[in-house]
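A.B. asks: The following block contains a protein sequence and its predicted model.
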Amino acid sequence: VQLQAFGGGLVQAGDSLRLSCAASGLTFSSYHMAWFRQPPGKERETVAHISWSAIIRYADSVKGRFTISRDNARNTVYLQMNSLKPEDTAVYYCAAGLRTATIPDYWGQGTQVTVSS
């Protein structure tokens, strides 16, 4: 199983980014997918997750700014991030879980998002 996340970068506060995570080696449509992040010096936290049936949950800190979506035909999950803030700076990881999104079975390699003020 491979999860390849990309789309990170250096942006200014208020800008937008879209992260993508391409999955292979698993039956993508059967998996719950999630985005996590780990800010510098802090623990990893859940950002958003989407179930195989498209039920979505967001962390309070990103509600109204981030949108998670999935394209089962492309085996890809997305995270559209708008109105970015410096506190969104982190390494972002995508993950896949067969039973639950918050305790994944597989992790991607991470992509750095840096938001300057």
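C.D. replies: Sure thing, it's come through.
A.B. asks: Tell me how far the spatially most central residue of the chain lies from residue 104.
C.D. replies: Note on the chain: the residue nearest the mean C-alpha position is residue 35, at 2.6 Å, using C-alpha atoms, centre = their mean. Taking C-beta to C-beta, to the nearest Å as the measure, residue 35 falls 11 Å from residue 104. The way it works is simple: take the backbone N, C-alpha and C, and place the C-beta from them, glycine included.
A.B. asks: Quick check: closest non-adjacent residue to residue 115.
C.D. replies: Leaving aside its sequence neighbours, residue 115 sits nearest to residue 84 (C-beta to C-beta, 6 or more residues apart in numbering; 4.6 Å).
A.B. asks: need the strands for this protein, in chain order.
C.D. replies: 2-6, 9-12, 17-24, 32-38, 45-50, 56-58, 66-71, 76-81, 90-97, 106-107, 111-116 (DSSP state E).
A.B. asks: Which strands and helices lie in contact with the second one?
C.D. replies: Think strand 9-12. strand 111-116 (3 or more C-beta pairs under 8 Å, 6 or more residues apart in numbering; DSSP states H and E).
A.B. asks: now the strand it packs on, how far from the chain's geometric center?
C.D. replies: Chain-centre distance of strand 111-116: 13 Å, with C-alpha atoms, centre = their mean, to the nearest Å.
A.B. asks: Dump it to PDB, keeping only the CA atoms.
C.D. replies: What follows is strand 111-116 as a C-alpha-only set of coordinates in PDB (Å, rounded to 0.1, in the frame of the first residue of the first chain):
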ATOM      1  CA  THR A 111       3.900  17.100   2.900                       C
ATOM      2  CA  GLN A 112       5.100  20.400   4.500                       C
ATOM      3  CA  VAL A 113       2.800  23.400   4.600                       C
ATOM      4  CA  THR A 114       4.300  26.600   5.800                       C
ATOM      5  CA  VAL A 115       2.100  29.700   6.200                       C
ATOM      6  CA  SER A 116       3.900  33.000   6.800                       C
END
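A.B. asks: what angle separates it from strand 32-38?
C.D. replies: Strand 111-116 and strand 32-38 meet at an angle of 50 degrees, taking axes from the mean of the first three to the mean of the last three C-alpha atoms, to 10 degrees as the criterion.
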